[in-house]
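K.L.:
Following is a predicted model, sequence given first.
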Amino acid sequence: MSNQLTLQFLGGSGTVTGSKFLLTAGEDQFLLDCGLFQGLKEYRLRNWAPLPIRPKELRAVILTHAHIDHSGFLPKFVQQGFRGDVYATPATCDLLRVLLPDAAHLQEEEARYANQRGYSKHKPALPLYTVEDAYRSLDLLRRTNYSGEVELAQGVSLRFFRTGHILGAAAVRITLEIDGRKRYLVDSGDLGRYHRPILRDPDPVGQADWLLVESTYGDRIHPDKPEEELARVIHDVAEERGCLIIPSFAVGRTQELIYFIRQLEDQGRIPSLPVYVDSPMAINVTDIYCAHPEEHDLDMKLLMDQKLCPLCCRQFHLARSPEESRAINDLSGPLIIVSASGMATGGRVLHHLRLRLPDPRTTVLFVGFQAEGTRGRALQDGKKEIKMFGEMVPVRAKIKTIDGFSAHADQQEILRWLGNFTRAPQKTFVVHGEFPASSALAELIGKKLRWNTEIPKNGQRVILA
Ligand SMILES: [Zn+2]
């Protein structure tokens, strides 16, 4: 390979969603991550904007992990004619089989809703992509192990390195042979954390000539030992025989919470309460978590070897069907309900909140970031009533938040991961963060490591070599 090498930032820069980095090596184009923009409308509209990519000519897509903000644009590319290979780790491929059809289903529902209400400018409103597009994109997946180097084109190859963010999450290293010399481009994907349950710690990558590093929490340090706060909350709930509702993301967060609850039970630090996981997706994802021993840390492995599944508690109930979900309504405390969505923007958790928010013996516990404009944020802000299913529901429940359960590395953990590189990259691009977080991290990298950094703008194209 001897032609020009460029990188273009088409999402996931200046924001945390829509990750798409286009690498052009001579005639060949590769896309690192293929994420959907999510959140505020201003961002969601970007999913409809034209991209400087001809999907039919794109050689390959490489996915760092299964979260929709990194993978959820793939069915759109397939709809537009992309037929190349999609490389991802085996666990990521399995998670995508659950997540992509679900994302497509939501797109179809949204279009249907817009047509019913007549609020779309387009008549009829069309979904961004369909469930069929999602299934067609699954056919392109190439299961890629961590151990091997895979050739993408002549003189271009890839390798994945674990990041411990969610099951299957990896950093990707692209090796490029330029004028007989090996050069490396590394994309961190989303970085996970050290010494956390279930998943192995992030692996060191070694070298990079050009590095993209995420910065979601580039300006923050996570509180230590969130499980101790969790134990306190569960104690209080048991004492007043109340109901604890935990709105939780189906992928990763739910599994980690259940792991902690079980561990606290085993250590005799909390009374064992009935725990209901009310989210079909979380249940499917938990099965995938158990089926990938190559992802498990030592403790998880030992428990699995003893056939003690660490992802269920003593009094554990799963609600798959709507009937099973409704049956939870008749139960009185003490009990724990873990249900999606994590920001109470939709999903079955809304039914539980509508029923139990007016009861002062209810505690709602948030364990993840609550974005502006969500019901989760309104509750955190102390609103005395919130709107659900067209009616105002009074809030008499206690609202609590535990911050330390994040799946993203904090400032110190990012620096620790960067510290494993054997030499300074030629350029480090700080991506996947809102501006204050990215600039705080860039400044720190400059100060502590003396590396050359840049915060790329959306749409910016840089010549690497
Ligand atoms: Zn992620």
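P.N.:
Nice, I can see it.

K.L.:
The ion contacts on the stretch 1-150 of the chain?
P.N.:
With CB under 5 Å from the ion as the criterion, the stretch 1-150 of the chain meets the ion at residues His67. Where you see a C-beta, it was placed from the backbone N, CA and C, and this is true even at glycine.

K.L.:
Quick one: end-to-end length of stretch 146-160, please.
P.N.:
Using CA to CA, to the nearest Å, one end of stretch 146-160 lies 5 Å from the other.

K.L.:
neighbouring contacts of it?
P.N.:
Stretch 146-160 is contacted from outside by 1, 25, 28, 30, 59-60, 62, 87, 89, 142, 144-145, 161-162, 170-178, 203, 294, using CB atoms under 8 Å, 6 or more residues apart in numbering.

K.L.:
since we're on Gly382, how many residues are nearby?
P.N.:
Neighbour count of Gly382, defined by other CB atoms under 10 Å: 8.

K.L.:
surely Asp219 meets Ala440?
P.N.:
Yes - at 3.6 Å, Asp219 counts as touching Ala440 under the criterion of CB atoms under 8 Å.

K.L.:
between those two, what contacts are shared?
P.N.:
Gln411.

K.L.:
chain center to the longest strand along the chain, what's the gap?
P.N.:
Ranked by residue count and defined by DSSP state E, the top strand of the chain is strand 170-178. With CA atoms, centre = their mean, to the nearest Å as the basis, strand 170-178 stands 22 Å off its chain's centre.

K.L.:
now the helices: where do they sit in the stretch 101-250 of the chain?
P.N.:
131-138, 226-239 (DSSP state H, counting those that start in this stretch).

K.L.:
which strands and helices sit next to the first one?
P.N.:
Right, the one you point to is helix 131-138. helix 74-79, helix 90-117 (3 or more CB pairs under 8 Å, 6 or more residues apart in numbering; DSSP states H and E).

K.L.:
Might you list the low-confidence residue ranges for the stretch 151-300 of the chain?
P.N.:
Within the stretch 151-300 of the chain, no stretch has pLDDT under 70.

K.L.:
any chance you could map the strands in it?
P.N.:
156-162, 170-178, 181-187, 210-214, 243-247, 275-278 (DSSP state E, counting those that start in this stretch).

K.L.:
okay, those in JSON lines with mean neighbour count and distance to the ion next?
P.N.:
Output for the strands of the stretch 151-300 of the chain, formatted as JSON lines (neighbours: other CB atoms under 10 Å; distance: least, CB to the ion, whole Å):
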{"stretch": "strand 156-162", "mean neighbour count": "21", "distance to the ion": "14"}
{"stretch": "strand 170-178", "mean neighbour count": "22", "distance to the ion": "11"}
{"stretch": "strand 181-187", "mean neighbour count": "20", "distance to the ion": "13"}
{"stretch": "strand 210-214", "mean neighbour count": "27", "distance to the ion": "9"}
{"stretch": "strand 243-247", "mean neighbour count": "27", "distance to the ion": "18"}
{"stretch": "strand 275-278", "mean neighbour count": "25", "distance to the ion": "21"}
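
K.L.:
how about the ones you listed in a markdown table, adding distance to Arg354?
P.N.:
Putting the strands of the stretch 151-300 of the chain into a markdown table (distance: least, CB to CB, whole Å) gives the following:
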| stretch | distance to Arg354 |
| --- | --- |
| strand 156-162 | 40 |
| strand 170-178 | 39 |
| strand 181-187 | 42 |
| strand 210-214 | 36 |
| strand 243-247 | 11 |
| strand 275-278 | 14 |
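
K.L.:
Show me the beta-bridge partners of the spatially closest residue to Ala465 that is not a sequence neighbour.
P.N.:
Nearest residue to Ala465, sequence neighbours excluded (CB to CB, 6 or more residues apart in numbering): Leu5, at 4.4 Å. With DSSP bridges applied, Leu5 shows beta-bridge pairing to Ala25.

K.L.:
how about Leu5, what does it touch?
P.N.:
Leu23, Thr24, Ala25, Gly26, Leu176, Ile178, Arg183, Ile463, Leu464, Ala465.

K.L.:
Tell me the one of those residues nearest Arg326?
P.N.:
For the contacts of Leu5, the residue nearest Arg326 by CB to CB is Leu23; the value is 49.2 Å.

K.L.:
next helix or strand past the host helix or strand of the closest one?
P.N.:
According to DSSP states H and E, Leu23 maps onto strand 21-25. Going down the chain from strand 21-25, the next helix or strand is strand 28-32, by DSSP H and E.
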